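Chemist: Using only what follows, build the 3D model:
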Amino acid sequence: MLAFGEVQTGLLQNSRAVTGLRAAEVVNLVNGEQVRRLERPIAYAVSPDRPDGVDCRLPTGSGAHVRAIGTLITHAALVGGHVLQGSAYGYVEPGTADRRLPWPHYLTRPGRLEWIGKARADDIGAGLLSGARDSAVLDLPAITGRILDEVQRSPLLDHNPPLRAPRLRLRWTAKIGGERLAAAFAVRSEELRTFEISLPSTDVRHPGQQFEHGLHDATHAVAGVFTQIDRTEQPHWQCHGHRDQRHERCAGDQREHAEARHREQRRPLGARQKFDNGHFPEKRHRLDREHEDDADRRADREQGAQEEDPLDDELEPL
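Modeler: Numbering: from 1, shown residues only. Alright, predicted model coming up:
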């Protein structure tokens, strides 16, 4: 059995981190379903799983035409309030009939595609990992990109991101029933990375869930950088960042305080303020001492003048 999927990653179109209940509202793509949300060790919100119907050719390494019908599991995830991811994954296996069955058959098996005719899982895996874009075959970038676009259109966003960055895609395949765990990573282009893994048949967890769990852990490092930036800019935004209402309110408060201090300095003091604020007993004591000092200085001047008179008589006029 072969499992495959793709995760497309971009930045949320919002100037500040979106967390808590607001994040749940932004990524809620299924009405009436619960959004899974965590706040520790970093903010994380993921929308409910939603099946996406598929009836098209699958890419193959040999170029053979293989038709597959079924549904993929899709959802959106917001990590750290800034990093947005759209995901689609499922199994592909031989069909139970050599023809297309009614849709209820496929809807009862979400996340599974059935191919019609002869095909090999390794050939399909090679075609998925090649990353070639062909409108005639399954277009995973269109599915994951549509999920991101749906979230970005939310009216709760201000569509003013702190920086612009291109989207990246990570496509993966998992061969179920391998003898041992093995993995291979490759860079296909500037926007596409591929990851091929082999899982033992004893592993009962869905490979898509395993892969996304590990990918979200790795995304925490990137989202953590934006969290630190948000914390660093918070004091700056309170009175000096961006000309918003907070800036205007802070500037207005500063002007009001300055004008109040100026009026306080210019306003004449009342009698009660003079006594209460000026410590009148202490001032009166200082005034009494100043009168005594003036009397002493006046006596000294008179004595000095009397002593200078004899000396003036002894000096001969020029």
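
Chemist: What are the buried residues along stretch 189-201?
Modeler: By neighbour count with 16 or more other CB atoms under 10 Å, stretch 189-201 contains the buried residues 192, 193, 194, 195, 196, 197, 198, 199. From N, CA and C alone the C-beta is placed, and that goes for glycine too.

Chemist: what's near enough to touch the last one?
Modeler: In this case it means residue 199. By CB atoms under 8 Å, 6 or more residues apart in numbering, the contact list for residue 199 reads 174, 175, 176, 177, 178, 181, 207.

Chemist: partner residues bridging it?
Modeler: residue 176 (DSSP bridges).

Chemist: before we move on, what about the second one?
Modeler: Counting by DSSP bridges, residue 193 is bridged to residue 170, residue 187.

Chemist: sorry, back to before: quick one: least confident of the buried residues of stretch 189-201?
Modeler: Least confident of the buried residues of stretch 189-201 in the model: residue 199, at 81.

Chemist: Name the surrounding residues that touch the helix or strand where residue 104 lies.
Modeler: Per DSSP states H and E: residue 104 is located in helix 103-107. Outside helix 103-107, the residues that touch it by CB under 8 Å, 6+ apart are 51, 53, 69, 70, 71, 112, 114.

Chemist: just for the protein, where's the confidence low?
Modeler: The chain contains residues with pLDDT under 70 at 202-318.

Chemist: can you give me the strands in it?
Modeler: Assigned by DSSP state E, the strands in the chain fall at 2-11, 36-38, 44-46, 50-58, 66-79, 83-94, 112-116, 168-178, 182-187, 192-200.

Chemist: Take these and lay them out in CSV including distance to residue 139.
Modeler: Shown next, in CSV, are the strands of the chain (distance: least, CB to CB, whole Å):
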stretch, distance to residue 139
strand 2-11, 10
strand 36-38, 27
strand 44-46, 23
strand 50-58, 8
strand 66-79, 11
strand 83-94, 10
strand 112-116, 14
strand 168-178, 12
strand 182-187, 20
strand 192-200, 13
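
Chemist: Looking at those, which is nearest to residue 161?
Modeler: strand 2-11 (5.4 Å; CB to CB).

Chemist: And residue 63, how far from residue 134?
Modeler: Residue 63 sits 10 Å away from residue 134, going by CB to CB, to the nearest Å.

Chemist: just residue 180 next, same as before
Modeler: 33 Å.

Chemist: between these two, who's got more neighbours?
Modeler: The neighbour comparison of residue 180 against residue 134 (other CB atoms under 10 Å) goes to residue 134, with 11 against 7.

Chemist: Spatially nearest residue to the more buried one, not counting backbone neighbours?
Modeler: Of all residues not flanking residue 134 in the chain, residue 59 sits nearest, at 6.7 Å (CB to CB, 6 or more residues apart in numbering).

Chemist: Report the buried residues of the helix holding residue 104.
Modeler: residue 106.

Chemist: For the nearest residue to residue 8 once chain neighbours are set aside, list the residues it contacts.
Modeler: Among residues not flanking residue 8 along the chain, residue 144 sits closest, at 3.8 Å (CB to CB, 6+ apart). Listed by CB under 8 Å, 6+ apart, the contact set of residue 144 reads 6, 7, 8, 74, 86, 87, 88, 169.

Chemist: Recalculate using a threshold of 6 Å.
Modeler: Contact partners of residue 144, counting by CB atoms under 6 Å, 6 or more residues apart in numbering, are 6, 8, 86, 88.

Chemist: Make CSV from those residues and add neighbour count and distance to residue 94 to it.
Modeler: Output for the contacts of residue 144, formatted as CSV (neighbours: other CB atoms under 10 Å; distance: CB to CB, whole Å):
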residue, neighbour count, distance to residue 94
6, 22, 22
8, 25, 29
86, 27, 29
88, 26, 21
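
Chemist: from these, which is closest to residue 149?
Modeler: Nearest to residue 149 among the contacts of residue 144: residue 86, at 8.5 Å, using CB to CB.

Chemist: so that closest one makes contact with residue 76?
Modeler: Yes - the pair residue 86 and residue 76 passes the contact test of CB atoms under 6 Å, sitting 5.4 Å apart.

Chemist: Spit out the residues that contact these two alike.
Modeler: Both residue 86 and residue 76 are contacted by residue 147, under the criterion CB under 6 Å, 6+ apart.

Chemist: can you tell me how far the closest residue to residue 56 other than its chain neighbours sits from residue 59?
Modeler: Spatial nearest neighbour of residue 56, chain neighbours left out: residue 138 (5.4 Å); criterion: CB to CB, 6+ apart. Residue 138 sits 6 Å away from residue 59, going by CB to CB.

Chemist: Okay then, goodbye and thanks.
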